[in-house]
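[1] Quick check, what structure comes out for this input:
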Amino acid sequence: MADKQNVTIHSSRTAYKGRYAIDEVDFSFDRVSRPGRIEHARREIFQRGDSAAALLHDVERDVVIVTEQFRLPTYAHGPGYLLEAAAGSIDEGEDPADCVRRELLEETGYKAGKLTRICAYYSSPGASSEKVFLYYAPVRPADLVDPAASGVEADNEDIRRVEFPREEFLDKLSYGDFEDGKIIVAGLWLKTQPRKGKPAAR
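    Sure, this is the predicted structure:
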């Protein structure tokens, strides 16, 4: 793997600042395919911060719980209304696990306890700085403390809980029915954990 010291940042400026920011960067770096350097490449970076997400699994009913909401960036190419793993932006200094517990409560009404970290990955490393911290969140029916939860009204969120029995969820995953990367990665992980949420053999 290339050494970070072989990267030179010549300049960086914020070209746009709104809810998120876009930086323009001029940089040079050592090649990885052959000797030499790429000099003064220019790129834009979408600075949207890191996020945390979780696949919610009612282990008593063996039901996977996801969210549905309208996502404008997906509207032009479909579907607009997207099934997703519950997720949200990590506040400055916030632990990713604390973030995902907060988001699960706001979006689904479930109070999650112990989480299993699945992985952390960059969502679109060619353009975005965002790293996604992905978890598995086992819950039980008693953990649904706010059945009316539908997101944060002040942020114009409108979120619906959607439930799938585990086998139906895994079938939809196999058929390519999901378009949210968080669901796909976490679902493939769950597929390798056949005993998760199932009673122990007697």
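[2] can you pull out the strands in this protein?
    7-17, 21-30, 37-47, 51-58, 63-70, 81-84, 86-89, 116-122, 131-139, 160-165 (DSSP state E).
[3] The ones you listed: which one's closest to residue 186?
    Closest approach to residue 186 among the strands of the chain (Cβ to Cβ): strand 51-58, 3.7 Å. In this view, the C-beta of every residue, glycine as well, is placed from N, C-alpha and C.
[4] What average pLDDT does the closest one get?
    On average, the pLDDT along strand 51-58 is 98.
[5] helices or strands up against it?
    Strand 51-58 is packed against strand 63-70, strand 86-89, helix 96-108, strand 131-139, helix 181-191, with contacts defined by 3 or more Cβ pairs under 8 Å, 6 or more residues apart in numbering; DSSP states H and E.
[6] neighbouring strands for that strand, and are they parallel or not?
    strand 63-70 (antiparallel), strand 86-89 (antiparallel), strand 131-139 (parallel) (DSSP bridges).
[7] just to revisit the earlier point, now, of the strands of the chain, which is deepest in the fold?
    strand 51-58 (a mean of 25; mean count of other Cβ atoms under 10 Å).
[8] For residue 33, grab the count of nearby residues.
    For residue 33, the neighbour count with other Cβ atoms under 10 Å is 5.
[9] how near is it to residue 110?
    Distance, residue 33 to residue 110, by Cβ to Cβ, to the nearest Å: 47 Å.
[10] What of residue 91?
    For residue 91 relative to residue 110 (Cβ to Cβ), the value is 20 Å.
[11] Mind checking which of these two has more residues around it?
    Shown here are residue 91 and residue 110; by other Cβ under 10 Å, residue 110 has more neighbours (26 against 11).
[12] Is that one in contact with residue 65, as I believe?
    Yes - here residue 110 reaches residue 65: they are 7.3 Å apart, a contact under Cβ atoms under 8 Å.
[13] Overlap in contacts, the two.
    By Cβ atoms under 8 Å, 6 or more residues apart in numbering, residue 110 and residue 65 have these common neighbours: 56, 139.
[14] residues in contact with the closest residue to residue 193 other than its chain neighbours?
    In space, and not counting its chain neighbours, residue 193 is closest to residue 136: 7.9 Å by Cβ to Cβ, 6 or more residues apart in numbering. When contacts are counted by Cβ under 8 Å, 6+ apart, residue 136 touches 54, 55, 57, 115, 116, 118, 186, 189, 190, 193, 196.
[15] Domain map for this protein?
    4-47, 51-191 (automatic domain parsing).
[16] Residue 159 versus the closest residue to residue 182 other than its chain neighbours, what's the distance?
    Once flanking residues are discounted, residue 182 sits nearest to residue 85: 3.9 Å by Cβ to Cβ, 6+ apart. Per Cβ to Cβ, residue 85 is found 12 Å from residue 159.
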